[in-house]
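Novice: give me a 3D structure for the following:
(one chain, ligands or ions: 2)
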Amino acid sequence: MHKTHPNITLAPIIGHRGNSAAAPENTQAAVIAAHDAGIGWVELDVQLLGDGTPVIWHDKDVARCSDGKGNIGRLHWAQASKLDVGGWFGDAFRGERMASLPSMLTLLNALDMSVNIELKINPGRDVKALVERVMPLLRSALSPERLIVSSFDAQALAYCRHYGNARELALGKLFRALPADWRTQCQSIDAYSVHCHWPRLKRYQISAVRDAGYPLLCYTVNDPSAFHPYWALGVSSVFTDDPVTFQRYLLNHSNELNHPNARK
Ligand code: G3P
Ligand code: MG
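Specialist: Ligands and ions are numbered 1, 2, ... in the order given. Next up, the predicted model:
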């Protein structure tokens with residue numbers, strides 16, 4: 001094992017932005033919904049508000065997932081914390097508030113859950129400021145076995161690796177299409193895992209990632225039957241918006257699927 005890699009037990013199903021089919025994405029409600037469905041791992045996006053508050057949020061602005069307007073990089077917590085971030089999803093979630101990273105970490109610990117935190121670098125945002133704000137919070141709240149930090153941004157992951165005493169830290173490199181130099185990129189940050197957009201993955205690429213010893217995590221997979229053949233090729237986990245449907249599929253097909261964790 002790499003000296004920088006914690007001893008992680010990955011689950012085959014990771015709730016993408018929580019259980020985002022059942023509750024508004026990236027909220028405490030979505031994490032609770034994942035936990036209620038028996039899902040132990042969730043993926044959440046983090047970025048900084050204009051006043052430096054780290055929040056669990058995907059988009060560069062709040063238009064799609066709240067009752068307000070404005071860029072994340074310009075909003076302050078006093079404004080962002082008043083937004084309704086649940087009503088857009090359904091009346092049952094009206095009144096849901098944006099989660100700060102510290103409040104989300106408290107919830108994850110209370111539920112004994114594991115998390116893939118994606119450092120979301122929207123255009124124009126300060127990579128170093130995000131890493132310097134987020135890393136101490138993550139490291140003090142979560143044991144290394146329950147945390148993967150990922151990003152599309154190679155610089156962000158390089159900062160994480162060199163930040164403080166980040167000796168035991170699982171880093172996941174996100175790719176859209178897997179580039180020819182993926183291996184060099186992963187080696188340079190001592191990546192733990194490779195996270196890929198599954199429709200673009202070629203069979204030989206899956207084999208190469210697996211043979212190089214990296215867990216391969218695929219996003220965002222919402223059709224368990226279309227994904228079925230990929231398990232046998234060596235994929236470790238999927239990020240799915242609908243972990244309940246996926247879980248049911250895996251259980252119903254456990255005899256055919258070549259995945260150690262698919263049998264329960
Ligand atoms: O981390 C997997 C996936 O979330 C990456 O894309 O845009 O959904 O954050 P996105
Ligand atoms: Mg994400």
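Novice: in the host helix or strand of residue 185, which residues are buried?
Specialist: When elements are defined using DSSP states H and E, residue 185 is found to belong to helix 182-188. For helix 182-188, the buried set under the neighbour-count rule, 16 or more other Cβ atoms under 10 Å, comprises 182-183, 185-186. Placement of C-beta: from N, CA and C, glycine included.
Novice: who does it touch, helix- and strand-wise?
Specialist: For helix 182-188, the elements it packs on are helix 154-162, strand 170-175, judged by 3 or more Cβ pairs under 8 Å, 6 or more residues apart in numbering; DSSP states H and E.
Novice: dump those into CSV; add distance to ligand 2, mean pLDDT and mean neighbour count as well.
Specialist: Listed next are the helices and strands packed on helix 182-188 as CSV, based on distance: least, Cβ to the ion, whole Å; pLDDT from 0 to 100; neighbours: other Cβ atoms under 10 Å:
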stretch, distance to ligand 2, mean pLDDT, mean neighbour count
helix 154-162, 13, 95, 19
strand 170-175, 8, 98, 22
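Novice: let me know the closest of the buried residues of helix 182-188 to residue 112.
Specialist: In terms of Cβ to Cβ, no member of the buried residues of helix 182-188 lies closer to residue 112 than residue 186, at 29.5 Å.
Novice: contacting residues around the residue nearest the centre of the chain?
Specialist: To find the centre residue of the chain, average its C-alpha atoms and take the closest one (Cα atoms, centre = their mean): that gives residue 43, at 2.7 Å. With contacts defined as Cβ atoms under 8 Å, 6 or more residues apart in numbering, the neighbours of residue 43 are 14-17, 115-116, 118, 219, 239.
Novice: and if we set it to 7 Å?
Specialist: For residue 43, the residues meeting the contact criterion (Cβ atoms under 7 Å, 6 or more residues apart in numbering) are 14-17, 116, 118, 239.
Novice: got a winner among those residues for most neighbours?
Specialist: If you count neighbours using other Cβ atoms under 10 Å, the busiest of the contacts of residue 43 is residue 15, which has 34 neighbours.
Novice: give me the neighbour count for the single nearest residue of the chain relative to ligand 1.
Specialist: With Cβ to the nearest ligand atom as the measure, residue 219 is the residue of the chain nearest to ligand 1, at 3.7 Å. For residue 219, the count of nearby residues is 22 (other Cβ under 10 Å).
Novice: which elements pack onto the longest helix anywhere in the chain?
Specialist: The longest helix of the chain (DSSP state H) is helix 127-141. Packing contacts for helix 127-141, counted by 3 or more Cβ pairs under 7 Å, 6 or more residues apart in numbering; DSSP states H and E, involve strand 41-48, strand 54-56, helix 101-110, strand 114-119, helix 154-162.
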